[in-house]
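> sequence plus the predicted model coming up.
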Amino acid sequence: MNLKECNDTLCDLLKRSGYEDEADEIQALVAIVLDPGSSDSQRNEAIKNLTMRCHPKWLGDFFIDGMTYPQWTDLITHFEKLLNRQKRP
């Protein structure tokens, strides 16, 4: 699963569980990361903001309908790894 697919899955699950505002914020930040026109500093700042959300006390605290806690945290961890691969010096 690439970053876009992982983001789509994560945001769809958030929206279906009633976390629409959080999903919209994440989608906007991922759009910056994936936009080739974004500067390195914009991209890295968006990545930093997104990886902070991958903490168990942030996204990990959300109840996601139809998923176990380990499934949800595995998805968050995978999302974070994909984001970290996008960092630029």
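Alright, I've got the coordinates.

> what's the burial count for residue 11?
Taking other Cβ atoms under 10 Å as the criterion, the count of residues near residue 11 is 19. (C-beta placed from N, C-alpha, C; glycine too.)

> go on, residue 49?
Applying other Cβ under 10 Å, we find 15 other residues in the vicinity of residue 49.

> ok, now residue 43?
As a burial measure, residue 43 scores 19 neighbours (other Cβ under 10 Å).

> quick one: the closest residue to it other than its chain neighbours and residue 89, what's the gap?
By the measure of Cβ to Cβ, 6 or more residues apart in numbering, the closest residue to residue 43 outside its immediate chain neighbours is residue 33, 5.5 Å from it. For residue 33, the distance to residue 89 (Cβ to Cβ, to the nearest Å) stands at 15 Å.

> go on, residue 75?
Distance of residue 75 to residue 89, given as Cβ to Cβ: 28 Å.

> same question for residue 42.
Plainly put, residue 42 is 14 Å away from residue 89 if you go by Cβ to Cβ.

> okay, now the unreliable bits of the protein?
Regions of the chain meeting the criterion pLDDT under 70 are absent.

> if you set the cut-off to 80 instead, what comes out?
Low-confidence segments of the chain, defined by pLDDT under 80: 89.
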